[in-house]
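S.K.: predicted model and sequence follow; I will ask about them next.
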Amino acid sequence: MKFLSEYRDPKAAERLAAAIRQKVTRPWTIMEICGGQTHTIVKSGLEDLLPKEITLVHGPGCPVCVTPIELIDKAVAIAKRPDAIFCSFGDMLRVPGSSKSLFDAKAEGADVRIVYSPLDALKLAKANPAKQVVFFAVGFETTAPANAMAVWQADHDGVENFFILVSHVLVPPAMEALLSSEQCVVQGFLAAGHVCTVMGFEEYFPIAEKYKVPIVVTGFEPLDLLEGIYMSVIQLEEGRHQVENQYTRAVRREGNRPAQKTISEVFEITPRQWRGLGEIPASGFQLRGRFQKYDANQRFPFTGEPAKESPECISGLILQGLKKPHECAAFAVKCTPENPLGAPMVSTEGACAAYYHYGRRENQSPQPELSGSARR
Amino acid sequence: MCLAVPGRIIEIIDRGDIAFRVGNVDFGGIRKEVNLAYTPRLKSAGTCWSTSDLPSA
Amino acid sequence: MADAKINPLNLSCPVPRVADDRIVLAHGGGGRLTHQLIEKIFLPAFSNAALEQRHDGAVVSVNGARLAFTTDSFVVRPLIFPGGNIGDLAVNGTVNDLAMCGARPLYLSSGFILEEGLEMQTLRTVVTSMQEAATKANVKLVTGDTKVVDKGKGDGIFVNTSGIGVIESNVKIPISPASVQPGDAVIISGDLGRHGIAILSVREGLEFESPILSDTASVWPAVEALLNAGIEIHCLRDLTRGGLATTLNEIAADRDVCIKLEEALIPVHEVVQGACEIFGLDPLYVANEGRFAVFVPAAQADAALDVMKKVEVSQGSVRVGSVEESPKRTVILQSRIGGNRVVDMLSGEQLPRIC
């Protein structure tokens, strides 16, 4: 595909890999935040091209993985209502709640549908006026503009049977939470490219300054990731900690202003629970003002049992990059994609699922543990 | 939605408010309607454009 | 009820956990759960030597003649799609299962389960297609059955076809995973993903500049050509539900070997690739209805390719990899940029990747 295959060119990949190998003089740990980036890294076997000094860790880059278990339970409860049509992106269907997933609910007769856009869910609402149509609005800032637009259009068109169940999480607060932790081993960040397409990257300057970490806004194709890693490595070797943009073809410093405007009309910032990490202040969106009438959370009050997590799931440590999936005792033994104990094994962009599917199993020796704080 | 797929705009259809502006976009042989509310500077067809997050119209 | 029936497209069916007490859509996906169902329920109940072969069809001996016997059911939705309809699939699917045993397809049966309210014209279209496909494949539909179920209890049309073929004397060694050897070349008969994307295009209302057509076709001519040319075929397998990845995983597991693939060699049409990009699908897992993989000794790979390229249904044949000793029971792909990854078995059906 034009403009796509160029970013997967093997010769260019080898040149970048060689450049990285040349530049590196000591071990560095770099974290990427977005599940899409994890996916590309593992799918293209990118780590095989990197020198052993570079350790890539995968951050909480999967909004599916960090959606609190209570919200899954709520989604299931709504889906089971006979008057409801529950719409979601495919990934969310598999995530286990306390007792079941949305997909289990579908198997038991709930009207659960996969859509590719919240605007499709809105269409369903207009076509089914007797039903309550609810869309599971999960994602980083990346999906917020579309969700905001769906709600805005619903309001404009006077639609009354459309709702969204919001689970938006914001990347910069999560990065701060990770960096401020005593156990943090991350020395450089690849910032999530599409989050920055929407939000720009102004927010990252104070973070880079405060924690003295280079942050490179990076894209999603193999060459993007190699280039982002290369730019990080140069900074690390030279002792710099700046914000740079690798993904210039899709990201501007100020981001997408019309999208930000619609987001701020429809949403406001709120503290949020991150499954595996706990509550992070000012790290989520919720509907505001006159748009609150589209909030599924308010429309369908939920009195269920308190949520229970599996005691064996160490997703919190995985999401912070402190452990790799194959270092979990349950990995590929008790916890598999067919029988997941936690969200990172379920979502196709969860680190555990990526490791499981793309091969880091018994035939891969675990990475050596970094002792204490490896930061400069 | 972390999918970035380049597409070529074949035509732009305005439906009143910019929120309802859609484009007929060609993605390597596949045509899809894409909401263009967030790309107001797009004036005409034939532009090559990289789309992430595809809200379909 | 929502759009529930899917064959053979992997679009929407995730696996949350082992649903021990109920059938879920994933059980029909062709991946892990399907295999578990077969291992846990069907094989223990029906166990016999022929069934244990776990191949596309059963090879049985009757009074000295080697026959292949197979059955397949077709539940595709939509019934009619670009490039064909459920009738084409029903004939070609079973013809191909026989071909995968190295058997010349001869006779088919077909059982119809029709839903009350189905338009007669639709049935006519399907049946006409079946007759045309059968003629093209040189098989006869010799017996059948029809049932009608209440409205709402079917999906328009469900079809089952069973088939008999004869394994001729030019098949010297059994064509089955058991004959696969480390060192064998892996060849596929054409580009991947057309059928799955053709189905997807209808379900998702995709528009194409020039439509992607299902590749449904009888592959027997290609197999026949290989047999006539004296190529030593170790194994044949069609690439239907679950795609190339599933097929190769099955063989690697059956035979305790490793299969290594090179991504750069695997052909996928640009538009099919584009559709996969948009929906986050991996072409390796998308269903095909007119493609197969063949395992031959490495020394015969070039000759096999020569033969296959001269046959219309396999003119796009290409070698995509090799069989190796280890790591056992694993399919490994070298990506375009040179890194390696494991190509795993699907857990359920392929979900579009969505962040």
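M.R.: Arrived safely. Residues are numbered from 1 along each chain as shown, chains lettered A, B, ... in the order given.

S.K.: how close does the nearest residue to C:Pro174 once chain neighbours are set aside sit to C:Ser176?
M.R.: Spatial nearest neighbour of C:Pro174, chain neighbours left out: C:Val59 (7.1 Å); criterion: Cβ to Cβ, 6 or more residues apart in numbering or on different chains. The C-beta positions use only the backbone N, C-alpha and C, and glycine is treated the same way. Going from C:Val59 to C:Ser176 by Cβ to Cβ, to the nearest Å gives 8 Å.

S.K.: any common contacting residues for those two?
M.R.: Both C:Val59 and C:Ser176 are in contact with C:Gln53, C:Cys101, where contact means Cβ atoms under 8 Å, 6 or more residues apart in numbering or on different chains.

S.K.: can you give me the helices in the stretch 51-200 of chain C?
M.R.: C:86-99, C:120-137, C:194-203 (DSSP state H, counting those that start in this stretch).

S.K.: mind listing what's buried along the longest one?
M.R.: What that stands for is helix C:120-137. C:Thr122, C:Leu123, C:Thr125, C:Val126, C:Val127, C:Ser129, C:Met130, C:Ala133, C:Ala134, C:Lys136, C:Ala137 (16 or more other Cβ atoms under 10 Å in any protein chain shown).

S.K.: what about A:Glu70, neighbour count?
M.R.: A:Glu70 has 17 neighbours, counted by other Cβ atoms under 10 Å in any protein chain shown.

S.K.: measure C:Gln227 to chain A for me?
M.R.: Slight slip there: residue C:227 is Leu, not Gln. 36 Å (Cβ to the nearest Cβ, to the nearest Å).

S.K.: could you name the helices and strands sitting against the helix or strand where that residue lies?
M.R.: Applying DSSP states H and E as the criterion places C:Leu227 in helix C:220-228. For helix C:220-228, the packing partners by 3 or more Cβ pairs under 8 Å, 6 or more residues apart in numbering or on different chains; DSSP states H and E come out as helix C:86-99, strand C:103-115, strand C:292-296, helix C:301-309.

S.K.: the inter-axis angle of that helix versus helix C:301-309?
M.R.: With axes from the mean of the first three to the mean of the last three Cα atoms, to 10 degrees applied, the angle from helix C:220-228 to helix C:301-309 works out at 140 degrees.

S.K.: ok, residues contacting helix C:220-228?
M.R.: Under Cβ under 8 Å, 6+ apart, the answer for helix C:220-228 is C:95-96, C:98-100, C:102, C:104-105, C:137-138, C:168, C:170-171, C:189, C:233, C:236, C:292, C:294, C:304, C:307-308, C:310-314, C:317.

S.K.: then stretch C:136-148?
M.R.: Residues contacting stretch C:136-148 (Cβ under 8 Å, 6+ apart): C:91-92, C:95, C:105-116, C:130-131, C:134, C:163, C:218, C:220.

S.K.: okay, now A:Thr248: neighbour count?
M.R.: Residues lying near A:Thr248 (other Cβ under 10 Å) number 10.

S.K.: below-threshold pLDDT in the stretch 151-300 of chain A: ranges please.
M.R.: Applying pLDDT under 70 to the stretch 151-300 of chain A flags no residue at all.

S.K.: helices of that one, start to end?
M.R.: Secondary structure of the stretch 151-300 of chain A (DSSP H, counting those that start in this stretch): helices at A:171-179, A:193-199, A:204-211, A:222-238, A:257-266, A:296-299.

S.K.: which other helices and strands contact the first one?
M.R.: For helix A:171-179, the helices and strands in contact under the criterion 3+ Cβ pairs under 8 Å, 6+ apart are strand A:188-192, helix A:204-211, strand A:278-287.

S.K.: kindly format the C-alpha coordinates of it as PDB.
M.R.: Provided in PDB are the C-alpha atoms of helix A:171-179 (Å, rounded to 0.1, in the frame of the first residue of the first chain):
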ATOM      1  CA  VAL A 171      -1.400   9.200  28.900                       C
ATOM      2  CA  PRO A 172       0.600  12.100  30.500                       C
ATOM      3  CA  PRO A 173      -0.700  11.400  34.000                       C
ATOM      4  CA  ALA A 174       0.000   7.700  33.600                       C
ATOM      5  CA  MET A 175       3.600   8.500  32.500                       C
ATOM      6  CA  GLU A 176       4.000  10.700  35.500                       C
ATOM      7  CA  ALA A 177       2.600   8.100  37.800                       C
ATOM      8  CA  LEU A 178       5.100   5.600  36.400                       C
ATOM      9  CA  LEU A 179       8.100   8.000  36.500                       C
END
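
S.K.: between the helices and strands packed on helix A:171-179, which one is closest to chain B.
M.R.: Shortest distance between chain B and the helices and strands packed on helix A:171-179, using Cβ to the nearest Cβ, is found for strand A:188-192: 7.7 Å.

S.K.: right, is the closest one up against chain C?
M.R.: No - using Cβ under 8 Å from any Cβ of the partner chain, strand A:188-192 never reaches chain C; the gap is at least 9.4 Å.

S.K.: other SSEs contacting that strand?
M.R.: Looks like strand A:188-192 contacts strand A:28-32, helix A:35-43, helix A:171-179, strand A:215-218, helix A:222-238 (3+ Cβ pairs under 8 Å, 6+ apart).

S.K.: just name the most buried of the ones you listed.
M.R.: Highest mean neighbour count of the helices and strands packed on strand A:188-192: strand A:215-218, a mean of 28 (counted as mean count of other Cβ atoms under 10 Å in any protein chain shown).

S.K.: that one - contacts with which helices or strands?
M.R.: Where contact means 3+ Cβ pairs under 8 Å, 6+ apart, strand A:215-218 is packed against strand A:188-192, helix A:193-199, helix A:204-211, helix A:222-238, strand A:243-245.

S.K.: quick one: contacts of the second one?
M.R.: Under the contact criterion Cβ under 8 Å, 6+ apart, helix A:193-199 has outside partners A:33-34, A:36-37, A:140-142, A:144-145, A:171, A:217-220, A:224, A:245-247, A:250-251, A:255-256, A:259-260, A:263, B:1-2, B:4, B:52-53.

S.K.: how many neighbours does the residue nearest to C:Glu277 when sequence neighbours are not counted have?
M.R.: Spatially, and ignoring its direct neighbours in sequence, C:Glu277 is nearest to B:Val5 (5.1 Å; Cβ to Cβ, 6+ apart). Neighbour count of B:Val5, defined by other Cβ under 10 Å: 21.

S.K.: quick check, pLDDT for B:Val5.
M.R.: Here the pLDDT value assigned to B:Val5 is 81.

S.K.: wait, it sits on C:Phe279?
M.R.: No - contact criterion Cβ atoms under 8 Å: B:Val5 and C:Phe279 do not qualify, at 9.9 Å.

S.K.: how many neighbours does A:Ile78 have?
M.R.: The burial count for A:Ile78: 25, using other Cβ under 10 Å.

S.K.: over to C:Ser162?
M.R.: 19.

S.K.: now do C:Glu262
M.R.: So C:Glu262, with other Cβ under 10 Å, has 14 neighbours.

S.K.: bridging residues for A:Gln273?
M.R.: Judged by DSSP bridges, the bridge partners of A:Gln273 are A:Glu279.

S.K.: good, we can wrap up now.
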